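**Q** build me a structure from this.
(3 chains)
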Amino acid sequence: MSSAAPAVVVRDLSLIFQTADSPVTALSDVNLTIERGEFVSFIGPSGCGKTTLMRVIADLERATSGSISVNGMSPEAARLKRAYGYVFQAAALYPWRNVLKNVMLPLEIMGLPAAERDSRARQQLELVGLNGFEGKYPWQLSGGMQQRVSIARALALQPQMLLMDEPFGALDEITRDHLNEQLLRLWEATGKTVIFVTHSISEAVFLSQRIVVMSPRPGRILEVIDNPLPAGRLLDARESTGFAEVAHRVRLALRAGHSYD
Amino acid sequence: MTAAASPKESATVSANANATANATANANPTANAGVSVRPTRFKLGAVALFAAVMALSAWILLQVHGSGPRAQDMPILWLALAGWAVLVALTLNRLALLQQPKPLRLLAPGLLGSALLFIWEVGVVGWDVPRVLLPAPHAVAQALVTRWDVLWPDFKQTAIAVLAGYAIGCGAGLAAALLCDRVDFLKRGLLPLAGLAGAVPIVGIAPIMVMWFGFDWHSKAAVAAVVTFFPMLVNTLAGLAATDAMHRDLMRTYAASHNATLAKLRLPGALPFIFNALKINSTLALISAIVAEFFGSPIYGLGFRISAEVARMNVDVVWAAIAMSALAGSLFYGLIALMERGLTFWHPSYRQ
Amino acid sequence: MTEVALPAPTRQPVAPASGRWLPVLVVVICILLLWYAGAVGLNAPQVTERLNNLGSPWGWQDLVSAAWAMERPVLPAPHQVALDFYSSLVDNDIDSPRNLLFHAGVTLSATLLGFGLGLLLGVLLAVGVVHSRVLDRGLLPWIIASQTIPILAIAPMAVVVLGSLGYPPLVSKAVISMYLCFFPIVIGMVKGLRSPEVLQMDLMRTYSASRPQLLWLLRLPAAVPFLFASAKVAIATSLVGAIVGELPTGAQAGLGARLLQGSYFGQTVQIWSALVMASLLGVALVGLVSLAERATARLMGTQP
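**A** Numbering: from 1, shown residues only, chains lettered A, B, ... in the order given. Next comes the predicted model:
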């Protein structure tokens, strides 16, 4: 790990939602530190708070108690400084813009000049392997390609952090595997901090350096598992015994958290 | 209007007919799928039927307009008409199956419309229907031509009112929607009232507008403006609210200002709704202006012409004025629909 | 390209009831205040002229109170309209032509008859369009095109023609209303009858359901929400048709006739009262359809 200040520091964070019937504790006393350049996965069943935690980091939700700092600032300040790129479960592309214009969207909002917007957008599209598709419209692309455009768009701002909320959940397994590999190579090339929410154990083990296992009612962190697998993994690593061991540990942790009840 | 059966066309027709047969099977589970066999024959059959219909129609028209015995007294005419009806039904049945290329889709409604016109003409002339009751289409066409010197200024008078009212009403509705978007309190207060306004016969304010703005086109434009304001307001607000939570979150992660979000996300996303209102309003504005003229007008205006000539029982001029308004209304609507196609090409409803 | 539903619970706090009617109340009060101010402004020229003719000096209180009590104002004050409305209802017998309820009843009968006929025609046409390819491809484009034609322009002529044929005005007004309101019903019903998913239609086919069974068991129930949505539009349009139908023939009864009379004789307050009655009628009719919708939903089990 680098000796620079950690990217995200969460201390005793709690989030209680006031719904119409009764308060819902989405997060309860969460403590977590994420270093810069790390690839961390949040895994758990629905309702365990993994997406909520990421949304708090992204300043899309406010905690009710506890503290959190992103890049040494409050999440709001980090958001206003555009410190991260967010990738949703669905591609959320604008159908009235072609692929290139979609990737340029955050750059337009930032106010960059046209030439720079164009070159940066093309650069990111090349990074995700979609050069040649700039003029296409979202509905002309497959689901996997749309998500790649979404990732390129998140990278366009050149943020230090990538927050990804089950980005490949809606895709078929073959496309998923392919994109997992591409994401890992991307991360190795760029060295960004990546927080990845998933409910696929194999995805979490394949991609991340640390796996944060969460459980619901109330949402909390059960265990943080270090992934000893070597860097530069290929898809074949999924068949190795080391992989199965880590996956087993994750499953045990999930079971301990009553995720399978 | 013949469906030319060239070899390459027939190949596309067969391929597309298969596709459309499968597509129509969903909407019409027991529709017959049988266009794939010998498409050239099918098209030739349609052409033959159509030619027969044309020939028979020409003969009937000649008989009816001729100076021979009256239609009721000619049993052969009844026979001819019965045969004509059967032929038209058969032709329609075939034409309804033609889907590609796109212009061919106009054949079935075209034939039905012409058939209705034909029945109108034959019925009125052949059975000596009194002119004051229902004039024949050719009489209406005649009136359109002979009274053009009066009808054209009428049209211009009404058109100014319609366009001015439309522009003001839609513009004000859009502005009010943007204001309500900014001030949530205003939205919660105004939206229920705007919904109620849909139940109210707003054309009733016409006499009040005449009192305030005088007899000229300004009062009619005012009525059209008020009528078009509410659908525009309601639809624009619905469109602005229609954006996904996900899209709005994305804008938050870009730290985009309210105006940037409005300009880049919510307004483009609201365009389908806005055009829906613009289309509805095009007909509403025309109707309101004409009805407003029933309440009082200088001596011009399509509405005035209709009510005045009805009083004088010059029914063919009335129908000519109605035909003009119908044509104008359809053109107006069609123009807006074309603009909609250009600006909202991305909407799922345009993709098959 | 499946849409993934985000599993988030509803998180927005429910707006307290006062948050819903308070803004409407405030907006209504603002409108009333503007109305009073407008009455002063628009009536001022006439009032100042009259006050000047009286000779004695006058102040702004005289102006305001006179502006709000004119006999033939340019803009009557809200309380003038309210008083006239109330007195017309209370001070007259219910079948006297001075009573707004009498006129409302005349217009209402034409509206309801036209709405009923239009509903029947619309539903029948919609069922025909969905089941016959010829009607679908040949007639439906014309029905849609008819929307762009100002049909209301035909109203005077239809009334005159039908009147000369001996039909009572009720029938001619109802015919206009019917013609106006069958269109939204057809469009809505066609959408509704075609709304069941392909999956549901396929399921029926595996049961070898006949066409009438398909219609009764699947298409019609699916079309009910669409029917009610378009019925609300249709009944409001039917009311407009009935009112406009009263204009050309110099009718003596009905809200449209009352509006016309008021405009001929310059009785502004009468016009406003008639408008208020027409608005109340429109809102009540749409409300009735909503009630019917809720009752049907409860009967069908789609709502508790």
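**Q** neighbours of the closest residue to residue A:27 other than its chain neighbours, how many?
**A** The shortest distance from residue A:27 to any non-neighbouring residue, by Cβ to Cβ, 6 or more residues apart in numbering or on different chains, is to residue A:15 (4.2 Å). Using the backbone N, CA and C atoms, a C-beta is placed for each residue, glycine as well. Using other Cβ atoms under 10 Å in any protein chain shown, residue A:15 has 23 neighbouring residues.
**Q** the helices in the chain, which residues?
**A** Answering for chain A, as no chain was given. A:50-57, A:75-80, A:99-110, A:114-127, A:143-156, A:173-190, A:201-207, A:241-256 (DSSP state H).
**Q** I was after chain C.
**A** For chain C, the helices defined by DSSP H occupy C:18-54, C:60-67, C:78-90, C:100-131, C:133-134, C:140-146, C:155-164, C:169-193, C:198-206, C:211-214, C:220-245, C:255-265, C:268-300.
**Q** including mean pLDDT and distance to residue B:198, could those helices go into JSON lines?
**A** Formatted as JSON lines, the helices of chain C follow (pLDDT from 0 to 100; distance: least, Cβ to Cβ, whole Å):
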{"stretch": "helix C:18-54", "mean pLDDT": "85", "distance to residue B:198": "16"}
{"stretch": "helix C:60-67", "mean pLDDT": "81", "distance to residue B:198": "32"}
{"stretch": "helix C:78-90", "mean pLDDT": "87", "distance to residue B:198": "22"}
{"stretch": "helix C:100-131", "mean pLDDT": "93", "distance to residue B:198": "16"}
{"stretch": "helix C:133-134", "mean pLDDT": "83", "distance to residue B:198": "35"}
{"stretch": "helix C:140-146", "mean pLDDT": "81", "distance to residue B:198": "21"}
{"stretch": "helix C:155-164", "mean pLDDT": "78", "distance to residue B:198": "20"}
{"stretch": "helix C:169-193", "mean pLDDT": "89", "distance to residue B:198": "12"}
{"stretch": "helix C:198-206", "mean pLDDT": "87", "distance to residue B:198": "32"}
{"stretch": "helix C:211-214", "mean pLDDT": "89", "distance to residue B:198": "34"}
{"stretch": "helix C:220-245", "mean pLDDT": "90", "distance to residue B:198": "6"}
{"stretch": "helix C:255-265", "mean pLDDT": "84", "distance to residue B:198": "18"}
{"stretch": "helix C:268-300", "mean pLDDT": "91", "distance to residue B:198": "8"}
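**Q** those helices: which one's closest to residue B:257?
**A** Closest to residue B:257 of the helices of chain C is helix C:18-54 (Cβ to Cβ; 25.4 Å).
**Q** wait, does the closest one contact chain B?
**A** Yes. Applying Cβ under 8 Å from any Cβ of the partner chain, one finds helix C:18-54 in contact with chain B at C:19, C:20, C:23, C:24, C:25, C:26, C:27, C:28, C:42.
**Q** contacting residues around the fifth one?
**A** Read that as residue C:25. For residue C:25, the contact set (Cβ atoms under 8 Å, 6 or more residues apart in numbering or on different chains) comprises residue B:189.
**Q** in TSV: the helices of chain A, plus distance to residue B:345 and mean neighbour count.
**A** Listed next are the helices of chain A as TSV, based on distance: least, Cβ to Cβ, whole Å; neighbours: other Cβ atoms under 10 Å in any protein chain shown:
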stretch	distance to residue B:345	mean neighbour count
helix A:50-57	34	25
helix A:75-80	34	18
helix A:99-110	14	22
helix A:114-127	22	17
helix A:143-156	18	24
helix A:173-190	28	16
helix A:201-207	37	23
helix A:241-256	47	16
